[in-house]
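Peer 1: coords below, sequence missing:
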DNA sequence: CAGTGGTCTAGACCACCCA
DNA sequence: GGGTGGTCTAGACCACTGC
């Protein structure tokens, strides 16, 4: 007769989407719900906490728990690490470094990451292949002021991404997905026609308050990023 | 002196990324960790459970808790509801229905959603504008066998998405992001040049085991989907 | 100030699943 | 079979914040 936190969650969800509790409505407090469902308060707490994480509820001390006015829906999107993505699909992975230079940060990058005027960056360009076919183009900048350790490692044999995720503790990431036309350079590298629609991922990474990395990834036409939830 | 579940989580994370526990390594069990950190097992449980949700750990009964071989990194991506997205940006939202028909499901859709041969679908095409400028093209199919209630509502004045999210309890969603070239039709609707790179979102939705909806969204060139984590 | 959620505790029982 | 995580409980104290 006791209620499981999963049952409770799904019952509460029903009352929310079913309209028993309208948008913005105040729910009973944890003690009352525990009594109604004949379970411990901790159980109610977990159910409501997870519904809040899902974006259906809004919880405040003293103010109580309310149904969110605009249900904040979201998805868990996988962040692919290119080597795993390719080998996981059963293909052979190959990496090729195109360029690796250290220079002052270009204006657009300084603006994008709020870098100082004298900021120096390491610029790495590389290609990733699946079974010999171009798969992803990588354009990456490291802020050497914020991340001095990025000056030395060699990216000749393995990608900068692998070094980065394994070595650098980062906190804030800003990610942006969009579409882009392939110009002559990119079509050459990715083996597509000029004018093909490329899938683009841009990512800016901070460690604490310090910008450390900006990356632009371009995928061959036809690539798609999938997820379930 | 007692350890908070947040502290514990961050200490465990340190040991994982710092290499104290290597990839695939077996962690101490909950009882031992509770003793080491001088806290209750429930506290250890919560810390480890959340790290597992984050994708850093892998937990199995009897087998214990291990560091994931391939850290399953992921992002929370917002699922935009078009009206909110546009009005939230301070623009005026306008909706226009292009087509609304009921017909047998086309072959590709039957294959995509594993529909029966006789499946009937309601096909809705619409445009969404921000300040009068084309913003999103929507192509949506409802499976009328799986979702009979989708037969009657009018989508003349407001979008099918709004009806769908507010009325239909769904469980499984498969989402796919990619890029696509604008053909003559799409460039006309979205007000872009032929050959522009459009950002595409495709979404298939099930309620339980029953497929109920398939949607394709195309965004004008330049659109980008952003998130932080 | 007082009510609410946030968290911890110590103990218990269970479900799973590897050996 | 036995060890592990999964969950629930009843109670407690605290932190926040609206009134």
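Peer 2: Structure's in. What do you need? All values reported here derive from a predicted model rather than from experimental measurement.
Peer 1: buried residues of the lowest-mean-pLDDT helix or strand in chain A, list them for me.
Peer 2: Lowest on mean pLDDT, DSSP states H and E among the helices and strands of chain A sits helix A:160-167, with a mean of 75. Counting neighbours by 16 or more other Cβ atoms under 10 Å in any protein chain shown, one finds that the buried residues in helix A:160-167 are A:160-161, A:163-164. Every residue, glycine included, has its C-beta placed from N, CA and C.
Peer 1: who in chain A is up against DNA strand D?
Peer 2: Within chain A, the positions lying close to DNA strand D (Cβ under 7 Å from any atom of the strand) are A:2-6, A:38-43, A:46, A:60-63.
Peer 1: out of these, who's the most crowded?
Peer 2: residue A:43 (22 neighbours; other Cβ atoms under 10 Å in any protein chain shown).
Peer 1: give me the domain ranges for chain A.
Peer 2: If you go by automatic domain parsing, the domain ranges for chain A are A:5-67, A:82-219.
Peer 1: can you show me the helices along chain A?
Peer 2: A:5-17, A:30-37, A:41-54, A:82-88, A:107-113, A:160-167, A:184-190 (DSSP state H).
Peer 1: what about the closest residue to residue A:183 other than its chain neighbours, how many neighbours?
Peer 2: Nearest residue to residue A:183, sequence neighbours excluded (Cβ to Cβ, 6 or more residues apart in numbering or on different chains): residue A:194, at 6.8 Å. Other residues near residue A:194 number 13, with proximity taken as other Cβ under 10 Å.
Peer 1: ok, residue A:194 touching residue A:187?
Peer 2: Yes. Counting by Cβ atoms under 8 Å, residue A:194 sits close enough to residue A:187 to count as a contact (4.6 Å).
Peer 1: shaky segments in chain A?
Peer 2: Low-confidence segments of chain A, defined by pLDDT under 70, span residues A:1-2, A:70-72, A:166-172, A:208.
Peer 1: try 80 this time
Peer 2: Scanning chain A for pLDDT under 80 picks out the ranges A:1-3, A:17-19, A:23, A:69-76, A:78-80, A:88, A:117, A:163-173, A:207-209, A:228-229.
Peer 1: got the helices of chain A as a markdown table, with distance to chain B columns?
Peer 2: Compiled in a markdown table, the helices of chain A are given as follows (distance: least, Cβ to the nearest Cβ, whole Å):
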| stretch | distance to chain B |
| --- | --- |
| helix A:5-17 | 6 |
| helix A:30-37 | 17 |
| helix A:41-54 | 9 |
| helix A:82-88 | 5 |
| helix A:107-113 | 13 |
| helix A:160-167 | 8 |
| helix A:184-190 | 11 |
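Peer 1: please convert these to TSV, extending it with distance to DNA strand C.
Peer 2: Putting the helices of chain A into TSV (distance: least, Cβ to the nearest atom of the strand, whole Å) gives the following:
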stretch	distance to DNA strand C
helix A:5-17	12
helix A:30-37	4
helix A:41-54	4
helix A:82-88	22
helix A:107-113	32
helix A:160-167	28
helix A:184-190	42
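Peer 1: closest one to residue A:100 among the ones you listed?
Peer 2: helix A:160-167 (8.7 Å; Cβ to Cβ).
Peer 1: quick one: distance of that closest one to the chain centre.
Peer 2: When C-alpha coordinates are averaged (Cα atoms, centre = their mean, to the nearest Å), helix A:160-167 and its chain have centres 16 Å apart.
Peer 1: check stretch A:34-41 too.
Peer 2: Taking Cα atoms, centre = their mean, one finds the center of stretch A:34-41 at 37 Å from the center of the full chain.
Peer 1: re earlier: who touches the least confident helix or strand of chain A?
Peer 2: Judged by Cβ atoms under 8 Å, 6 or more residues apart in numbering or on different chains, the contacts made with helix A:160-167 from elsewhere in the structure are A:81-83, A:124, A:126, A:138, A:140, A:142, A:149-150, A:153, A:155, A:213, A:215, B:71, B:73.
Peer 1: can you tell me which of these is nearest DNA strand D?
Peer 2: Closest approach to DNA strand D among the contacts of helix A:160-167 (Cβ to the nearest atom of the strand): residue B:71, at 17.9 Å.
Peer 1: any idea how far DNA strand C is from the residue lying closest to residue A:131 once chain neighbours are set aside?
Peer 2: Here the nearest residue to residue A:131 in space, its sequence neighbours aside, is residue A:91; by Cβ to Cβ, 6+ apart that works out to 4.6 Å. Distance of residue A:91 to DNA strand C, given as Cβ to the nearest atom of the strand, to the nearest Å: 29 Å.
Peer 1: ok, now residue A:213?
Peer 2: As judged by Cβ to the nearest atom of the strand, residue A:213 and DNA strand C stand 30 Å apart.
Peer 1: list the beta-bridge partners for that residue.
Peer 2: Applying DSSP bridges to residue A:213 yields these beta-bridge partners: residue A:142, residue A:205.
Peer 1: also residue A:176?
Peer 2: With DSSP bridges applied, the residues forming beta bridges to residue A:176 are residue A:202, residue B:226.
Peer 1: okay but it is in contact with residue B:226, surely?
Peer 2: Yes. Counting by Cβ under 8 Å, residue B:226 is a contact partner of residue A:176 at 4.5 Å.
Peer 1: now residue A:102: closest residue in space that isn't a chain neighbour?
Peer 2: Beyond its immediate neighbours in the sequence, the residue positioned closest to residue A:102 (Cβ to Cβ, 6+ apart) is residue A:122, lying 5.1 Å away.
Peer 1: close enough to count as contact, that neighbour and residue A:146?
Peer 2: No. Shown here, residue A:122 and residue A:146 do not form a contact pair, counting by Cβ under 8 Å, at 11.5 Å.
Peer 1: how many residues are close by residue A:49?
Peer 2: 15.
Peer 1: again with residue A:81
Peer 2: Neighbour count for residue A:81, taken as other Cβ under 10 Å: 19.
Peer 1: how much space between it and residue B:81?
Peer 2: Residue A:81 sits 31 Å away from residue B:81, going by Cβ to Cβ, to the nearest Å.
Peer 1: related to what we said a few turns ago, who are the contact partners of the residue nearest to residue A:102?
Peer 2: With contacts taken as Cβ under 8 Å, 6+ apart, residue A:122 has the following neighbours: A:100-102, A:141-142, A:144, A:150-151.
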